[in-house]
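# no sequence on hand, only this structure:
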């Protein structure tokens, strides 16, 4: 953890570089800090995955866009970050604001040229079982004294 | 919001038109109303996404189907609608019943000809951070007086 | 229910047989039992779906892996099992331990040869609406007396 999953309408796959967005958001999570100024997340636990939808439908199917002189084609992006419970509301807000800023920056060309909606939400996990098996975390362990 | 995400076994991609299902369910959400008879959801916030699984496994792998004279091939569909917290139980039920009816209508040929299971669930989001950035909502704003 | 959704970085699609993992985990869920020794889940309700990410980013983008003599390429797998609320903590743990053991066994070649992280979580659903429509469950009904 944290896991950031990005679901989006398929036409964006051709209009923007979603791998670049994944890298940008992973960097944002790496740089995030808690209220004490320490890293908000363990580096080895940061994971961002993006999935274009095979099929999608948005809003009214395009009628309002066409009426407004648009193309009738809506795009949208849903970003969901799930992290372990226990961080402070101010950390949630700092992380969320930073992710939103990076996301808006990435999609600036789309916001300037097409109909698009972005929603970003952060959930605290309330799992009843949690297990990890990884050889990533040791890469980021501080050297022993 | 609301976001309706549809996950399904991959063979259905060849057996039915999932884009049509997305459109049907978006229309269902558009038409849904709350207890006061007003739209249950803002039109610009309605998003439906569908994802065929690259790999899947259902139940016992086909043994019971074969024993019953079936093909041994199970299909299934999981529909999850996430909406903001705060609507009434009767609105949840009205929305859920309408979505289930539209889904059953769509898959009527499959239910008549193969083994298939459909599960529909509605979650209220309890996110700790929520942000939206969109140029869709203004398309649906009532004209100012 | 239960639904087990597996999200993973795309390079694993070429390195391992994810259909085999789905089958293995479905068998694990079929064999799971509750505190009374009865099946933990109805056979007809077991569903496992796996989705390779189209795009992903992990940890620091590879820097720590390269510094450790690795390839700079991280893989990861996120498994989320959602089940209905009401089972005991000991059942959650038994199911989770069994799924983790099967997952570790499947990815043993990867853990021996590359950087990879696996996270498994179990959620109890707190849905506000739940409906099922299926012709799978009757296949598993006990014969009437």
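Sure, I can see it. Because the structure is a prediction, the values reported are computed rather than measured.

# and chain A, which of its residues are near chain C?
Contact residues (C-beta under 8 Å from any C-beta of the partner chain) of chain A with chain C: A:1, A:3, A:5, A:13, A:18-19, A:21-23, A:25-27, A:30, A:43-52, A:125-137, A:139-140. Just so you know, the C-beta spots here come from the backbone N, C-alpha and C atoms, and that holds for glycine as well.

# buried sites along stretch A:96-113?
Neighbour-count burial for stretch A:96-113 flags A:96, A:98-100, A:102-103, A:106-107, A:110-111 (criterion: 16 or more other C-beta atoms under 10 Å in any protein chain shown).

# same thing with stretch A:21-36?
Under the neighbour-count criterion of 16+ other C-beta under 10 Å, stretch A:21-36 has A:21-30, A:32 buried.

# before we move on, what about stretch A:123-133?
Within stretch A:123-133, the residues that count as buried by 16+ other C-beta under 10 Å are A:123-124, A:127-129, A:131, A:133.

# next one: that stretch to chain centre, how far?
Its chain's C-alpha centre and that of stretch A:123-133 lie 19 Å apart, by C-alpha atoms, centre = their mean, to the nearest Å.

# hmm, it in reach of chain B?
Yes - under the criterion of C-beta under 8 Å from any C-beta, chain B is reached by stretch A:123-133 at A:123-124.

# show the average pLDDT along that stretch.
For stretch A:123-133, mean pLDDT is 96.

# now do the same end-to-end measure for that stretch.
22 Å (C-alpha to C-alpha, to the nearest Å).

# swap in stretch A:43-50?
Terminal-residue distance, stretch A:43-50 (C-alpha to C-alpha): 19 Å.

# the buried residues of stretch A:96-113 in helices, which ones?
Counting by DSSP state H, the part of the buried residues of stretch A:96-113 found in helices is A:96, A:98-100, A:102-103, A:106, A:110-111.

# returning to that earlier point: any chance of the buried residues of stretch A:123-133 in JSON lines, with secondary structure too?
Output for the buried residues of stretch A:123-133, formatted as JSON lines (DSSP: H, G, I helix; E, B strand; the rest coil):
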{"residue": "A:123", "secondary structure": "strand"}
{"residue": "A:124", "secondary structure": "strand"}
{"residue": "A:127", "secondary structure": "coil"}
{"residue": "A:128", "secondary structure": "coil"}
{"residue": "A:129", "secondary structure": "strand"}
{"residue": "A:131", "secondary structure": "strand"}
{"residue": "A:133", "secondary structure": "strand"}
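
# and which of those residues is nearest residue C:62?
residue A:133 (20.3 Å; C-beta to C-beta).

# which strand residues bridge the closest one?
Note on residue A:133: beta-bridge partners by DSSP bridges are residue C:118.

# who's in contact with it?
When contacts are counted by C-beta atoms under 8 Å, 6 or more residues apart in numbering or on different chains, residue A:133 is found next to C:100, C:103-104, C:111, C:117-118.

# now swap in residue A:62 and tell me
A:71-74.

# can you pull out the helices in chain A?
Under the criterion DSSP H, chain A contains helices at A:12-15, A:18-31, A:63-67, A:89-106, A:108-113.

# which residue packs closest to the residue nearest in space to the middle of chain A, ignoring adjacent ones?
In chain A, the C-alpha nearest the mean C-alpha coordinate belongs to residue A:79, at 4.2 Å (C-alpha atoms, centre = their mean). Closest residue to residue A:79 apart from its sequence neighbours, by C-beta to C-beta, 6 or more residues apart in numbering or on different chains: residue A:120 at 4.5 Å.
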